[in-house]
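In: Sharing a sequence plus its predicted fold:
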Amino acid sequence: MWASKGTLAALCLIGWPGAAGAEAPLSAIDWLSQSVTTPAALPAPSGTEPPVTGGATPAPITVLPIDGPNLDGIGILPASSTGLPRKLWGTSSTETLTRMLRAERMDTLPAMQALLMTLLLAELAPPADSAGSGALFLARADKLLDLGALDPAMALLSQIDKHQPETFRRWFDVALLLGEEDRACEEMRATPEIAPTFPARVFCLARGGDWNAAALSLRTGAALGHIEADKIELLERFLDPELFEGDGDLPVPERISPLVFRLMEAIGQPLPTATLPPAFAQSDLRANSGWKTRLEAGERLARTGAIDPGRLFALYAERRPAASGGVWDRAAAIQRLDAALDSGGPAAVDLALPEAWSRIEAAELEVPFATVYGARLQGLGLGGRAGTIAFRVGLLSPDYERVAQARKPEDGVEPFLIGIARGNLDGVAPPDQLGGAIKDAFVTGYAPPADLLALVQENRLGEALLRAIEMVTEGAKGDLRQVTGGLGLLRHVGLENAARRAALELALLERRG
């Protein structure tokens, strides 16, 4: 027996520490694993541990320039496919862009989420002052992690040929959350520039089957004070669970990182993800999770645009609901709608659509629903409430303009909605104050606010777009002048599709903060 038991708590605390009093979700920079330190190699499993060198305290993690392309210019979407100019960032300072990206809210309109996602993934020229440190790249990667968009984040991080600690740290955590622990550890062993911290070393040596070396690393790290006390107990149970049979559960560690999350799962104390940042919900999409767990994770990630909507609606159709209420009722309603659409009869859709839409509205999944069903609902000759819903669903879909062109207005608000979809509200009466703010941005001759125009004229277009996203998001909560300014800027710089979709979402969805 190589380790002694520590003092163990009998109860498992539920949830994210401090979540009840938190005003904003934790950012990726707050929950990333401390998995790497200064350059050194993790050996392949050998049964022996190399000497530990250096001082008693690991050196701080820093961002270093690397040979080859500037990190800030790396992307996975060619600028030509995004409609954005390659020199979007222009003369904006890296510090300003980094700060703005980190401050962007996740709970914004789907159209603004989509525009932000494009900015995060586009292959653009680095800002003029970029020194190759990768600060903007890391801010982009972290915002993807904040959104829970792990597949795009992995694709972006995988563009790097030679990782430095901060980029590898993010790649490692994404791999852990996607259930690719072995790949993460193999890459760590194969990258001599990356030195694992003791907890990561113990984890990866054990995953590689070298339990003796893992145990030696744990003893060494604990003796040198390189492993926090709560992680010592967690790693002890990970390496030798039989030693602790009959003992109570460990308390949830104060700081939950992807590495801690996987270790807790490995010792038989998986943590619920509902109160953890969205990125952790990706692990619930794995096939070994229960259906309800996967449904709830899919809904959460679809709201932030982190997964393709089709993935969520495929989950709804996977099997027959075993209970009622909440997500079960949504799954049942979607299945009834699918059956009605498959039957080809409008009478069945007339009955099924209102219930399905009501369930989807309650979950704030209208745009993912419209993306999947918008086109299918057109041309069925639906009447009454179902016909009205089908029209609104179509306006929230990528085919919004075609849907509007084919519609003969049936009530007082529909001319306004059709005007937004067509991009011209001249002579159309707005239905309310928010509609008035939208109309001001869509009338002929509108000029965006002077400060936004100045950013564009100073070759700081990317900065202006980030500001416009913020204005639309914050303006929906009350300052309607910001709605007008943000939408107007998007139209002024040629992002008409983003402006129209955001305006339609403002008019049709209850998203007032």
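Out: Received the coordinates, thanks. Everything numeric in this text was worked out from a predicted model, so none of it was measured.

In: Could you tell me how far the lowest-mean-pLDDT helix or strand in the chain lies from the centre of the chain?
Out: Of all helical and strand segments in the chain, the minimum by mean pLDDT, DSSP states H and E falls on strand 36-37, at a mean of 84. The chain centroid and the centroid of strand 36-37 are separated by 25 Å, computed with CA atoms, centre = their mean, to the nearest Å.

In: cool, stretch 107-124 as well?
Out: From the chain centre to the centre of stretch 107-124 is a distance of 11 Å (CA atoms, centre = their mean).

In: where exactly do the strands run in this protein?
Out: Shown for the chain, the strands assigned by DSSP state E span residues 36-37, 77-78, 122-123, 195-196.

In: So which elements touch the first one?
Out: Using 3 or more CB pairs under 8 Å, 6 or more residues apart in numbering; DSSP states H and E as the contact test, the elements touching strand 36-37 are helix 165-177, strand 195-196. All C-beta atoms are positioned from the backbone trio N, CA, C, and that covers glycine.

In: so who does the closest residue to Leu136 other than its chain neighbours touch?
Out: Using CB to CB, 6 or more residues apart in numbering and skipping the chain neighbours, the partner closest in space to Leu136 is Asp72 (4.3 Å). Asp72 makes contact with 89, 94, 126-127, 130, 132, 134-137 under the criterion CB atoms under 8 Å, 6 or more residues apart in numbering.

In: Just checking: what are the partner strands of the least confident helix or strand of the chain?
Out: Within its sheet, strand 36-37 is paired with strand 195-196 (antiparallel), according to DSSP bridges.

In: how's this structure carved up into domains?
Out: 301-407, 418-508 (automatic domain parsing).

In: could I get those domains as JSON lines with mean neighbour count?
Out: Below are the domains of the chain laid out as JSON lines (neighbours: other CB atoms under 10 Å):
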{"stretch": "domain 301-407", "mean neighbour count": "18"}
{"stretch": "domain 418-508", "mean neighbour count": "20"}
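
In: Using a markdown table, lay out those domains together with distance to Leu115 and mean pLDDT.
Out: Listed next are these as a markdown table, based on distance: least, CB to CB, whole Å; pLDDT from 0 to 100:
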| stretch | distance to Leu115 | mean pLDDT |
| --- | --- | --- |
| domain 301-407 | 10 | 95 |
| domain 418-508 | 5 | 96 |
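
In: can you list the ones you listed in a markdown table and add distance to Leu177?
Out: Converted to a markdown table, the domains of the chain look like this (distance: least, CB to CB, whole Å):
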| stretch | distance to Leu177 |
| --- | --- |
| domain 301-407 | 12 |
| domain 418-508 | 26 |
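
In: Nearest to Leu176, out of those?
Out: Checking the domains of the chain against Leu176 by CB to CB gives domain 301-407 as the closest, at 16.7 Å.

In: Between its first and last residues, what's the separation in the closest one?
Out: Length of domain 301-407, first residue to last, CA to CA, to the nearest Å: 32 Å.

In: In contact with Glu265, which residues?
Out: For Glu265, the contacting residues are Leu271, by CB under 8 Å, 6+ apart.

In: ok, back up a step: mind checking which of the helices and strands packed on strand 36-37 is nearest Leu396?
Out: Of all the helices and strands packed on strand 36-37, helix 165-177 comes closest under CB to CB, at 29.9 Å.

In: elements contacting that closest one?
Out: strand 36-37, helix 135-147, helix 150-157, helix 181-189, helix 258-266, helix 278-281.

In: Give me the mean pLDDT for it.
Out: Average pLDDT, helix 165-177: 94.

In: Between helix 258-266 and that helix, find me the angle.
Out: With axes from the mean of the first three to the mean of the last three CA atoms, to 10 degrees as the basis, helix 165-177 and helix 258-266 are set at 20 degrees to each other.

In: what's the neighbour count on the closest residue in space to Ala28 that isn't next to it in sequence?
Out: Counting by CB to CB, 6+ apart, the nearest residue to Ala28 once its immediate chain neighbours are dropped is Leu145, at 3.7 Å. Using other CB atoms under 10 Å, Leu145 has 26 other residues around it.

In: quick one, what contacts Leu145?
Out: Applying CB under 8 Å, 6+ apart to Leu145 gives the contacts 28, 32, 153, 170, 173-174, 277, 279.

In: List only buried entries from these.
Out: Among the contacts of Leu145, the ones that count as buried by 16 or more other CB atoms under 10 Å are 28, 32, 153, 170, 173-174, 277, 279.

In: these two touch, right, Cys360 and Glu366?
Out: Residue 360: Ile, not Cys. Yes: counting by CB atoms under 8 Å, Glu366 is a contact partner of Ile360 at 5.9 Å.

In: what two of the contacts of Leu145 have the greatest distance between them?
Out: Longest distance between any two of those is 13.6 Å, between Arg170 and Pro277; criterion CB to CB.

In: Overlap of the contact sets of these two?
Out: 28, 145.

In: roughly how far apart are Ser130 and Ile74?
Out: Taking CB to CB, to the nearest Å as the measure, Ser130 falls 11 Å from Ile74.

In: Equivalent analysis for Asp173, please.
Out: Between Asp173 and Ile74 the distance is 18 Å, computed by CB to CB.

In: Now render the buried ones among the contacts of Leu145 as CSV, adding distance to Asp329.
Out: Below are the buried ones among the contacts of Leu145 laid out as CSV (distance: CB to CB, whole Å):
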residue, distance to Asp329
Ala28, 33
Leu32, 37
Ala153, 32
Arg170, 38
Asp173, 35
Val174, 33
Pro277, 27
Ala279, 27
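
In: In the stretch 1-150 of the chain, where is pLDDT below threshold?
Out: Across the stretch 1-150 of the chain, the ranges flagged by pLDDT under 70 are 1-25, 38-69.

In: Would you map the helices across it?
Out: 28-31, 79-82, 94-103, 110-121, 135-147, 150-157 (DSSP state H, counting those that start in this stretch).

In: So which of those is nearest Arg402?
Out: Among the helices of the stretch 1-150 of the chain, if distance is taken as CB to CB, the winner is helix 110-121, at 17.3 Å.

In: which helices and strands does that closest one pack with?
Out: helix 135-147, helix 150-157, helix 461-475, helix 496-508.

In: buried stuff in it?
Out: Under 16+ other CB under 10 Å, the buried positions of helix 110-121 are 110-113, 115-121.
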